[in-house]
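J.: from the sequence below, what's the structure:
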Amino acid sequence: MWGFQPYDPGSNPGDRIFLSMIRILLRYFFYFNMRQTTKTIGVERMEILMKNAISNSRKFPNLSQRQAYLAKKISTRYRIAMPYEMKMNFCKKCKNFIVPGITSRIRIGRSSLKSIRITCSYCNHTYRKVIAQ
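T.: Prediction:
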């Protein structure tokens, strides 16, 4: 009537391209921001579960196995690298949760190469960790 038309963002092709680029940028921003928070929450949860698994290993071995399994599952589900301190509590062969002194045997190597021998009590697999040369 007066020659004035309300602004329609889809009427101009340049506006459509601009708005789609903004949508894409916002989507990536929120995706990476959310991914970072899920990673930090996952690492915290893994630390809590492993600490509880170690403390429960003597009285409740089944519960400690389950807690360690859940920590490992969190690391694979959210693609978080499990820290070395947690990773060394799993047997390399049978993948069970082993606690030093309770479900595994630890010996010092008697050769010129200083190492620690860890024997899993579930599968009797022995592997070495080199200390110094």
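J.: hey, let's count contacts and neighbours off CA atoms from now on
T.: Will do.
J.: right, and the helix or strand after the longest helix along the chain?
T.: Counting by DSSP state H, the longest helix found in the chain is helix 13-56. Toward the C-terminus, helix 13-56 is succeeded by helix 61-77 as the next helix or strand (DSSP states H and E).
J.: please identify the buried residues of that following helix?
T.: Pro61, Ser64, Gln65, Gln67, Ala68, Tyr69, Leu70, Ala71, Lys72, Ile74, Ser75 (16 or more other CA atoms under 10 Å).
J.: helices and strands around it, which ones?
T.: In terms of contacts (3 or more CA pairs under 8 Å, 6 or more residues apart in numbering; DSSP states H and E), helix 61-77 is packed against helix 13-56.
J.: next one: the lowest-mean-pLDDT helix or strand in the chain to chain centre, how far?
T.: Ranked by mean pLDDT, DSSP states H and E, the helix or strand of the chain with the weakest confidence is helix 13-56, at a mean of 80. Centroid displacement of helix 13-56 relative to its chain, using CA atoms, centre = their mean, to the nearest Å, is 14 Å.
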